[in-house]
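1. Sharing a sequence plus its predicted fold:
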Amino acid sequence: MTWNEMQPLLRDACLDTLFMVWWSAVWTVVGGLPLGILLYLTDRGGLLRNVVVNKVVGAVVNIARSVPFIILIVWLIPFTRLVIDTSMGPSAAVVALAIGAIPFFARLVESALREVDAGLIEAVQSMGGGTWTIIFKVLLPQALASLVAALTTTVIALIGYSAMAGAVGGGGLGQVAINYGYQRQEHGLMNITIVLLIVLVTVVQLAGDLTVRRLARRTGRQTAPGGLWRLRRTAKTPAAPEAAQAPEVSAVPAQRAADEPKAADEPKAADEPKSADEPKSAGEPKAAVDAP
């Protein structure tokens, strides 16, 4: 097969792979993030501790993770046909990719949330913060770097899943590698497909690592989440008027003291009589002595 014949195949395969990975990653975040938060909140010591819910959801997640994806995608063909009326092509593969990646991402989210400092959560609770405040102001901002790292790992796993989806007609680079590289023994096309997958995984990993480092530096400079400071300002608001009146009360005596003249600074009156013991000046003439 010549390069001119490979180009349209590789171009369409790359677009199909990007389509599958993008939309499956979006649905994975939509479904896996709330599921991971639920697992964290209902665990022992969580804000919504519920052993039954945690065990049931955890069992479902573990069962879904234990099924190999190549088997899962074949098992989900009737469900995929029911949802989008077809079981072939990239759109059909997105359904199986999302269902297979949601449990995987949920466990990563749960692990990321466990890294958040419990002291911040207790501080928000002591100031009256509820569960939603803790989730959106403490848990998610503080675990953002770990969540991005988890998403990077999930996207790389989805790239591998998309290649397996090509075995059952899902399209993408996996289908090109199987149909042309394996069945027709086009080794050159197989090698190019492998190189493209390596490049795609490397780009995703580098972008994820760069984002994680930037988020980690920004989170490290923060002494407390923004919502925590807002809660502190809100808690101090009722006492603000009293604190503002205190300087006015103390300023009145100070003002009066400033207005009163000091005795040391007052000039002596000009008409004040001099003491009898005070010596007379040298230029004053002596009084005449009365004769006896």
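-> In hand now; what should we look at?

2. What ranges does this structure have for its helices?
-> 3-41, 51-66, 69-75, 77-84, 90-113, 118-126, 131-134, 140-142, 144-165, 173-176, 187-221, 226-236, 240-259 (DSSP state H).

3. how distant is the shortest one from the center of its chain?
-> This means helix 140-142. How far helix 140-142 lies from its chain's middle: 3 Å, per C-alpha atoms, centre = their mean, to the nearest Å.

4. Average pLDDT for that helix, rounded please.
-> Mean per-residue pLDDT for helix 140-142: 92.

5. And for the third one?
-> For helix 69-75, the mean per-residue pLDDT is 91.

6. ok, now the first one?
-> Averaging the model's pLDDT scores along helix 3-41 yields 92.

7. just the fifth one next, same as before
-> Along helix 90-113, the predicted confidence averages to a pLDDT of 94.

8. Please point out which parts of that helix sit buried.
-> The neighbour-count check on helix 90-113 (16 or more other C-beta atoms under 10 Å) flags 90-110, 112-113 as buried. The way it works is simple: take the backbone N, C-alpha and C, and place the C-beta from them, glycine included.

9. Just say which of the helices of the chain is most tucked in.
-> A comparison of the helices of the chain by mean neighbour count, using mean count of other C-beta atoms under 10 Å, puts helix 173-176 on top with a mean of 26.

10. helices or strands up against that one?
-> helix 3-41, helix 144-165, helix 187-221 (3 or more C-beta pairs under 8 Å, 6 or more residues apart in numbering; DSSP states H and E).

11. Next, the angle helix 187-221 makes with the second one.
-> Relative orientation of helix 144-165 and helix 187-221, computed by axes from the mean of the first three to the mean of the last three C-alpha atoms, to 10 degrees: 170 degrees.
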